[in-house]
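# only geometry, no sequence info:
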(Lines give C-alpha, C1' and ligand atoms only; values in the text may rest on other atoms or scores of the structure.)
Protein backbone atom coordinates (compact mmCIF):
# COMPACT_ATOMS: atom_id res chain seq x y z
CA UNK A 1 0.00 0.00 0.00
CA UNK A 2 1.13 3.56 -0.75
CA UNK A 3 -0.05 6.89 0.60
CA UNK A 4 -1.59 8.78 -2.32
CA UNK A 5 -2.56 12.44 -2.09
CA UNK A 6 -5.23 13.56 -4.56
CA UNK A 7 -4.39 16.82 -6.33
CA UNK A 8 -6.69 17.07 -9.37
CA UNK A 9 -10.03 16.00 -10.80
CA UNK A 10 -10.27 16.67 -14.53
CA UNK A 11 -13.57 16.59 -16.42
CA UNK A 12 -13.83 14.12 -19.29
CA UNK A 13 -16.61 12.87 -21.55
CA UNK A 14 -19.53 10.64 -20.51
CA UNK A 15 -19.34 11.57 -16.82
CA UNK A 16 -15.77 10.29 -16.43
CA UNK A 17 -13.14 12.10 -14.38
CA UNK A 18 -9.38 11.90 -14.57
CA UNK A 19 -8.04 11.71 -11.02
CA UNK A 20 -4.45 12.81 -10.46
CA UNK A 21 -2.32 12.32 -7.40
CA UNK A 22 1.14 11.71 -6.00
CA UNK A 23 2.63 8.73 -4.21
CA UNK A 24 4.13 10.07 -0.99
CA UNK A 25 6.06 6.85 -0.46
CA UNK A 26 7.73 6.85 -3.88
CA UNK A 27 9.42 10.24 -4.15
CA UNK A 28 6.17 12.10 -4.93
CA UNK A 29 5.66 10.07 -8.08
CA UNK A 30 2.75 11.33 -10.20
CA UNK A 31 -0.10 8.86 -10.63
CA UNK A 32 -3.36 8.89 -12.58
CA UNK A 33 -5.92 6.61 -10.95
CA UNK A 34 -7.89 4.09 -13.02
CA UNK A 35 -10.10 1.33 -11.66
CA UNK A 36 -8.89 -2.27 -11.64
CA UNK A 37 -10.22 -2.73 -15.19
CA UNK A 38 -8.37 0.29 -16.56
CA UNK A 39 -11.43 2.53 -16.76
CA UNK A 40 -11.68 6.12 -15.57
CA UNK A 41 -13.64 6.74 -12.41
CA UNK A 42 -17.01 8.49 -12.61
CA UNK A 43 -17.91 11.93 -11.27
CA UNK A 44 -19.23 10.40 -8.03
CA UNK A 45 -15.84 8.88 -7.25
CA UNK A 46 -14.86 9.24 -3.56
CA UNK A 47 -11.40 10.61 -4.43
CA UNK A 48 -11.47 14.35 -3.69
CA UNK A 49 -8.75 17.00 -3.96
CA UNK A 50 -6.76 17.14 -0.73
CA UNK A 51 -7.69 13.59 0.27
CA UNK A 52 -5.04 11.15 1.44
CA UNK A 53 -5.56 7.46 0.70
CA UNK A 54 -3.77 4.20 1.28
CA UNK A 55 -3.86 2.58 -2.15
CA UNK A 56 -2.50 -0.64 -3.52
CA UNK A 57 -1.98 -0.12 -7.21
CA UNK A 58 -0.48 -1.80 -10.25
CA UNK A 59 1.33 0.05 -13.02
CA UNK A 60 -0.27 0.20 -16.43
CA UNK A 61 1.89 -0.28 -19.51
CA UNK A 62 2.01 3.26 -20.90
CA UNK A 63 3.44 5.19 -23.81
CA UNK A 64 5.04 8.62 -23.37
CA UNK A 65 4.07 11.20 -22.43
CA UNK A 66 1.21 9.66 -20.39
CA UNK A 67 3.27 7.57 -17.99
CA UNK A 68 1.26 8.07 -14.80
CA UNK A 69 -1.63 5.57 -15.28
CA UNK A 70 -2.09 2.98 -12.52
CA UNK A 71 -4.78 0.42 -11.69
CA UNK A 72 -6.33 0.86 -8.22
CA UNK A 73 -6.59 -2.59 -6.66
CA UNK A 74 -7.41 -1.64 -3.05
CA UNK A 75 -8.09 1.63 -1.26
CA UNK A 76 -8.61 3.03 2.24
CA UNK A 77 -9.22 6.66 3.13
CA UNK A 78 -6.85 8.41 5.58
CA UNK A 79 -6.99 11.86 7.15
CA UNK A 80 -6.90 14.67 4.55
CA UNK A 81 -3.77 16.72 3.95
CA UNK A 82 -3.96 19.94 6.05
CA UNK A 83 -2.22 22.19 3.48
CA UNK A 84 -2.02 20.76 -0.04
CA UNK A 85 -0.34 23.81 -1.56
CA UNK A 86 2.41 23.79 1.06
CA UNK A 87 3.03 20.07 0.47
CA UNK A 88 3.32 20.51 -3.30
CA UNK A 89 5.58 23.57 -3.05
CA UNK A 90 7.85 21.72 -0.63
CA UNK A 91 8.30 18.62 -2.78
CA UNK A 92 7.43 19.37 -6.43
CA UNK A 93 9.39 21.48 -8.90
CA UNK A 94 6.93 23.74 -10.78
CA UNK A 95 7.76 25.25 -14.13
CA UNK A 96 8.19 29.00 -13.67
CA UNK A 97 7.74 31.82 -16.14
CA UNK A 98 6.01 32.06 -19.53
CA UNK A 99 4.21 29.16 -21.26
CA UNK A 100 7.39 28.27 -23.16
CA UNK A 101 8.76 26.87 -19.89
CA UNK A 102 6.01 24.23 -19.61
CA UNK A 103 6.87 20.55 -19.96
CA UNK A 104 10.58 21.24 -20.09
CA UNK A 105 10.35 23.51 -23.11
CA UNK A 106 8.74 20.96 -25.45
CA UNK A 107 5.55 22.93 -26.21
CA UNK A 108 4.74 24.75 -29.42
CA UNK A 109 1.85 27.00 -30.38
CA UNK A 110 -0.89 26.68 -32.96
CA UNK A 111 -1.79 29.63 -35.15
CA UNK A 112 -4.63 30.50 -32.74
CA UNK A 113 -2.38 30.37 -29.64
CA UNK A 114 -3.11 26.94 -28.18
CA UNK A 115 -0.09 25.32 -26.52
CA UNK A 116 0.60 21.75 -27.56
CA UNK A 117 3.32 19.16 -27.98
CA UNK A 118 3.55 17.68 -31.49
CA UNK A 119 2.86 13.96 -31.74
CA UNK A 120 6.26 13.41 -33.34
CA UNK A 121 7.96 14.98 -30.30
CA UNK A 122 10.22 15.62 -28.65
CA UNK A 123 8.03 14.39 -25.81
CA UNK A 124 8.37 15.29 -22.12
CA UNK A 125 8.88 12.71 -19.38
CA UNK A 126 5.45 13.37 -17.84
CA UNK A 127 1.96 14.52 -18.78
CA UNK A 128 1.14 16.45 -15.59
CA UNK A 129 2.86 19.11 -13.55
CA UNK A 130 2.68 22.53 -11.93
CA UNK A 131 3.19 26.02 -13.27
CA UNK A 132 3.93 29.34 -11.57
CA UNK A 133 2.97 31.77 -14.37
CA UNK A 134 4.81 35.06 -14.57
CA UNK A 135 1.68 36.95 -15.65
CA UNK A 136 -1.99 36.90 -14.72
CA UNK A 137 -4.14 34.48 -16.70
CA UNK A 138 -7.50 35.90 -17.76
CA UNK A 139 -10.59 33.81 -18.62
CA UNK A 140 -12.74 34.08 -21.70
CA UNK A 141 -15.44 31.93 -23.27
CA UNK A 142 -14.29 30.29 -26.49
CA UNK A 143 -16.48 27.81 -28.35
CA UNK A 144 -18.50 27.02 -25.26
CA UNK A 145 -15.49 26.47 -23.00
CA UNK A 146 -13.60 28.65 -20.57
CA UNK A 147 -10.02 29.24 -21.62
CA UNK A 148 -7.36 31.18 -19.75
CA UNK A 149 -5.09 33.46 -21.73
CA UNK A 150 -1.49 34.49 -21.13
CA UNK A 151 -0.32 37.51 -23.12
CA UNK A 152 2.67 39.79 -23.46
CA UNK A 153 3.47 42.43 -26.08
CA UNK A 154 4.02 39.84 -28.81
CA UNK A 155 2.48 36.54 -27.76
CA UNK A 156 -0.92 35.05 -26.95
CA UNK A 157 -1.31 31.60 -25.41
CA UNK A 158 -4.58 30.11 -24.21
CA UNK A 159 -5.38 27.00 -22.18
CA UNK A 160 -8.77 25.28 -21.70
CA UNK A 161 -10.02 24.90 -18.15
CA UNK A 162 -10.85 21.21 -17.57
CA UNK A 163 -11.05 21.08 -13.77
CA UNK A 164 -14.20 19.92 -11.99
CA UNK A 165 -14.22 23.10 -9.88
CA UNK A 166 -15.65 26.37 -11.13
CA UNK A 167 -12.90 28.39 -12.84
CA UNK A 168 -11.73 31.47 -10.93
CA UNK A 169 -12.33 35.00 -12.18
CA UNK A 170 -8.59 35.37 -12.72
CA UNK A 171 -5.47 33.32 -12.08
CA UNK A 172 -2.91 35.66 -10.59
CA UNK A 173 0.77 35.54 -11.47
CA UNK A 174 2.64 33.20 -9.12
CA UNK A 175 -0.41 31.00 -8.46
CA UNK A 176 0.20 27.26 -8.25
CA UNK A 177 -1.49 26.00 -11.42
CA UNK A 178 -2.00 22.31 -12.15
CA UNK A 179 -1.41 21.61 -15.86
CA UNK A 180 -1.86 18.41 -17.83
CA UNK A 181 -1.69 17.13 -21.38
CA UNK A 182 -4.69 15.88 -23.30
CA UNK A 183 -4.60 12.48 -24.88
CA UNK A 184 -3.44 12.53 -28.50
CA UNK A 185 -5.70 14.95 -30.36
CA UNK A 186 -6.21 14.61 -34.10
CA UNK A 187 -8.18 17.10 -36.16
CA UNK A 188 -8.46 18.37 -39.72
CA UNK A 189 -8.21 21.94 -38.43
CA UNK A 190 -5.45 21.74 -35.81
CA UNK A 191 -2.01 20.13 -35.53
CA UNK A 192 -1.89 16.59 -34.18
CA UNK A 193 -0.52 16.48 -30.67
CA UNK A 194 -1.00 16.65 -26.92
CA UNK A 195 -2.66 19.90 -25.85
CA UNK A 196 -1.87 21.71 -22.60
CA UNK A 197 -4.85 22.09 -20.23
CA UNK A 198 -5.39 23.71 -16.86
CA UNK A 199 -6.79 21.21 -14.35
CA UNK A 200 -7.02 23.55 -11.37
CA UNK A 201 -5.41 26.11 -9.10
CA UNK A 202 -4.12 24.92 -5.72
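In hand now; what should we look at? Owing to the predicted nature of the structure, the values given are computational and were not obtained by experimental measurement. Numbering: from 1, shown residues only.
# Break the protein down into its domains, please.
2-85, 93-201 (automatic domain parsing).
# which residues does residue 59 contact?
Residues in contact with residue 59 (C-beta atoms under 8 Å, 6 or more residues apart in numbering) are 69-71. For glycine as for every other residue, the C-beta is placed from the backbone atoms N, C-alpha and C.
# Report the secondary structure state of the most centrally placed residue in the chain.
In the chain, the centroid-proximal residue (C-alpha atoms, centre = their mean) is residue 180; its distance is 2.9 Å. Secondary structure assignment for residue 180 (DSSP: H, G, I helix; E, B strand; the rest coil): strand.
# gap between it and residue 93?
16 Å (C-beta to C-beta, to the nearest Å).
# now swap in residue 52 and tell me
Distance from residue 52 to residue 93, by C-beta to C-beta: 21 Å.
# now swap in residue 15 and tell me
According to C-beta to C-beta, residue 15 and residue 93 sit 34 Å apart.
# What of residue 132?
10 Å.
# higher neighbour count, those two?
Using other C-beta atoms under 10 Å, the more surrounded residue of residue 132 and residue 93 is residue 132, with 15 against 10.
# Show me what the more buried one is bridged to.
Beta-bridge pairing of residue 132 under DSSP bridges involves residue 96.
# Show me what the lowest-mean-pLDDT helix or strand in the chain is packed up against.
One helix or strand of the chain scores below all others by mean pLDDT, DSSP states H and E: strand 138-142, with a mean of 89. With contacts defined as 3 or more C-beta pairs under 8 Å, 6 or more residues apart in numbering; DSSP states H and E, strand 138-142 has these neighbours: strand 145-151.
# Give me the angle between the strand it packs on and strand 138-142.
Calculated by axes from the mean of the first three to the mean of the last three C-alpha atoms, to 10 degrees, strand 145-151 forms an angle of 130 degrees with strand 138-142.
# and strand 145-151, what does it pack onto?
Using 3+ C-beta pairs under 8 Å, 6+ apart, strand 145-151 is in contact with strand 138-142, strand 156-160.
# Quick check: mean pLDDT of that strand?
Averaged over strand 145-151, pLDDT sits at 95.
# Just the endpoints, please. Distance across stretch 52-65?
26 Å (C-alpha to C-alpha, to the nearest Å).
# what sits against the residue nearest to the centre of the chain?
Per C-beta under 8 Å, 6+ apart, neighbours of residue 180: 8, 10, 18, 20, 127-129, 162, 196-197, 199.
# and if you look at residue 81?
Residue 81 neighbours (C-beta under 8 Å, 6+ apart): 5, 50-52, 87.
# Check residue 174 too.
Contact partners of residue 174, counting by C-beta under 8 Å, 6+ apart, are 132-134.
# Kindly report the same for residue 12.
With contacts defined as C-beta under 8 Å, 6+ apart, the neighbours of residue 12 are 18, 40.
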